[in-house]
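Student: structure of the sequence below:
(one chain, ligands or ions: 2)
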Amino acid sequence: MVKICCIGAGYVGGPTMAVIAFKCPDIEVVVVDISVSRITAWNSDQLPIYEPGLDEVVKQCRGRNLFFSTNVEKHVAEADIIFVSVNTPTKTRGLGAGKAADLTYWESAARMIANVSKSDKIVVEKSTVPVKTAEAIEKILTHNSKGINYQILSNPEFLAEGTAIQDLFKPDRVLIGGRETPEGRKAVQTLKDVYAHWVPEDCILTTNLWSAELSKLAANAFLAQRISSVNAISALCEATGANVSEVAYAVGKDSRIGPKFLNASVGFGGSCFQKDILNLVYICECNGLPEVANYWRQVIKINDYQKSRFVNRIVSSMFNTVAGKKIAVLGFAFKKDTGDTRETPAIDVCKGLLGDKANVSIYDPQVTEDQIQRDIAMNKFDWDHPVHLQPMSPTAVKQVSVTWDAYEATKGAHGVCILTEWDEFKELDYQRIYDNMQKPAFVFDGRNVVDPEKLRAMGFIVYSIGKPLDAWIKDMPAVA
Ligand SMILES: NC(=O)c1ccc[n+]([C@@H]2O[C@H](COP(=O)([O-])OP(=O)(O)OC[C@H]3O[C@@H](n4cnc5c(N)ncnc54)[C@H](O)[C@@H]3O)[C@@H](O)[C@H]2O)c1
Ligand SMILES: O=c1ccn([C@@H]2O[C@H](COP(=O)(O)OP(=O)(O)O[C@H]3O[C@H](CO)[C@@H](O)[C@H](O)[C@H]3O)[C@@H](O)[C@H]2O)c(=O)[nH]1
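Tutor: Numbers count the residues shown, from 1 in each chain. Ligands and ions are numbered 1, 2, ... in the order given. Below you'll find the model as predicted:
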């Protein structure tokens, strides 16, 4: 029986390995992690991450051919194929701080593999890494190899959170990069055979190592660029009376452009886009390509602009001050159908409102108060380290309250901001919300979830990203 071990039981390691175990009953899969609490949760009924469909997949194969363990070294030593899916945060100190990927966790995993291995291994980069990481890893592994043959493959993951199981069951493509040597090709074929259990052959792409590593960064940069493009246009729509949904629809009808990923929003969030673009920017700079670096940096600048533009709209609409006012925030996760808050635009929006002394009352169906308080207090990029290495829970910010009910959050509020596109926010009883709010009652829709005309008929003053402005808001000073 082929044995797979995955180092890192996070948002990627957990679901990807669960699906491999589910689709390949003839393979034993063990997911290992240094975080005891994560592994305990994977072995319980309350999985550490919320992802539609994940519970069923895990229940089907846990204890059969899927195992979660903290015994990292034992399972690495026994495995034929080792996936490495550990954190690759943005560096906060030293050379490349604020841009370059911090490969501390990757390097320590590679050194541990070199120390404990007694048989040949295929080591698979699952984490998103800078181009040429495989070369560095190869050096670490082979430096003291005791005659062991290591083959490094790059197999970046393209799943999106909230749809991870669907994406893994039916991926657009699986990408495998390897060395162009007989041993390298053999290793690529071995991994291809794993995916071939359920992925059609023509969807499994094989390339050289560097193409695979770079394709992951490039794909995320292209995706994020689409959002920044439509968000940039949303600002112009507001200035001119155009409607961003109509513009995006018309633009996306061009088959060369396509309709997906053109939803204007308060800004993109999530653990990947910003981190991976910063990483790309740094690689371009290191390769003497400042123009290319600046081109991609602009995608992040527009994203930051969109978030601050949103906060400024709120403050300027409400007589240029939110001090002492209750602002309800509906949605804190970075997108719907996940409890993940990493780099969520809600953090920046809440910090902006708190900076103007608002009282913020937050409701998200999947995010706990503890998580929200940690996120608001945490320094930039600290979130991307194993949980037990993150700073301890800080003193709670008193101006922030968290509820488990949208009506409670909005009761007595002066304004409501919608920051995540949870389906349930479309179905709320907005008349009830209006009746229980201070007047004038404002809705700031950062996800274009509500029908502005319906809410205006109830009496709300509504701001929807990229949509024609309410007369009230139009009269307020322009903001940036
Ligand atoms: N989240 C996504 O949607 C996504 C998608 C594609 C790629 N990626 C990439 O995959 C990688 C992992 O992302 P994630 O979201 O799963 O992160 P995560 O923080 O959820 O999981 C990483 C896990 O690795 C563990 N870990 C760190 N060092 C370890 C070590 N030396 N030994 C054992 N365990 C160790 C941590 O405790 C943590 O549980 C990153 O490089 C990320 O950029 C993420
Ligand atoms: O039209 C859109 C689409 C997305 N978003 C926002 O963009 C962010 C990212 O969304 P999404 O890409 O769906 O989720 P991620 O889980 O971050 O997935 C991205 O990042 C992963 C990690 O690298 C990749 O594997 C995926 O392919 C890539 O889509 C979220 O805040 C979304 O709300 C928009 O604002 N407008």
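Student: drop to CA atoms for contacts and neighbour counts, all remaining ones
Tutor: Noted.
Student: establish whether stretch 95-110 and ligand 1 are in contact.
Tutor: Yes - taking CA under 6 Å from any ligand atom as the criterion, stretch 95-110 and ligand 1 are in contact, through 105, 108-109.
Student: pLDDT wise, what is the closest residue to Thr341 other than its chain neighbours at?
Tutor: Spatial nearest neighbour of Thr341, excluding adjacent residues (CA to CA, 6 or more residues apart in numbering): Ala333 at 4.6 Å. In this model, Ala333 is scored at 97, pLDDT.
Student: secondary structure element for Ala333?
Tutor: For Ala333, there is no host helix or strand (DSSP states H and E).
Student: how near is it to Glu343?
Tutor: For Ala333, the distance to Glu343 (CA to CA, to the nearest Å) stands at 9 Å.
Student: over to Lys118?
Tutor: Note on Lys118: its distance to Glu343, by CA to CA, is 40 Å.
Student: between those two, tell me which one has more neighbours.
Tutor: Glu343 (23 against 16; other CA atoms under 10 Å).
Student: so which bits of the stretch 151-300 of the chain are right by ligand 2?
Tutor: Within the stretch 151-300 of the chain, the positions lying close to ligand 2 (CA under 6 Å from any ligand atom) are 157-161, 220, 227, 261-265, 267-270, 272-273.
Student: report the buried members of those.
Tutor: Buried members of these, scored by 16 or more other CA atoms under 10 Å, are 157-159, 161, 220, 227, 262-265, 267-270, 272-273.
Student: out of the residues you listed, flag the one nearest to His143.
Tutor: Proximity of these to His143 (CA to CA) peaks at Glu157, which lies at 27.7 Å.
Student: doesn't Lys126 make contact with the closest one?
Tutor: Yes - the pair Glu157 / Lys126 is scored as a contact, 6.2 Å apart, by CA atoms under 8 Å.
Student: just the C-alpha atoms of stretch 313-327, please, in CSV.
Tutor: What follows is the C-alpha trace of stretch 313-327 in CSV, where atoms were taken according to Å, rounded to 0.1, in the frame of the first residue of the first chain:
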residue,chain,number,x,y,z
ARG,A,313,-18.0,56.8,2.6
ILE,A,314,-19.4,55.7,5.9
VAL,A,315,-17.9,58.5,7.9
SER,A,316,-18.6,61.3,5.4
SER,A,317,-22.2,60.1,4.9
MET,A,318,-22.8,60.2,8.7
PHE,A,319,-22.0,63.9,9.1
ASN,A,320,-18.3,63.3,9.0
THR,A,321,-18.2,61.5,12.4
VAL,A,322,-19.1,58.1,13.7
ALA,A,323,-17.7,58.9,17.2
GLY,A,324,-20.0,57.2,19.8
LYS,A,325,-22.3,55.9,17.1
LYS,A,326,-23.2,52.2,16.9
ILE,A,327,-22.2,50.7,13.6
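Student: surely Val247 is in a strand?
Tutor: No - counting by DSSP: H, G, I helix; E, B strand; the rest coil, Val247 is located in no strand; its state is helix.
Student: pLDDT at it, what is it?
Tutor: Looking at Val247, its pLDDT is 98.
Student: residues near it, how many?
Tutor: Using other CA under 10 Å, Val247 has 17 other residues around it.
Student: so how far is ligand 1 from it?
Tutor: According to CA to the nearest ligand atom, to the nearest Å, Val247 stands 29 Å off from ligand 1.
Student: likewise Leu205?
Tutor: Leu205 sits 17 Å away from ligand 1, taking CA to the nearest ligand atom as the criterion.
Student: report the secondary structure state of that residue.
Tutor: Under the three-state scheme (three-state DSSP), Leu205 adopts strand.
Student: and the closest residue to it other than its chain neighbours, how many neighbours?
Tutor: Using CA to CA, 6+ apart and skipping residues adjacent in sequence, the residue nearest Leu205 is Leu175, 4.9 Å away. The criterion is other CA under 10 Å. On that basis, Leu175 has 21 neighbouring residues.
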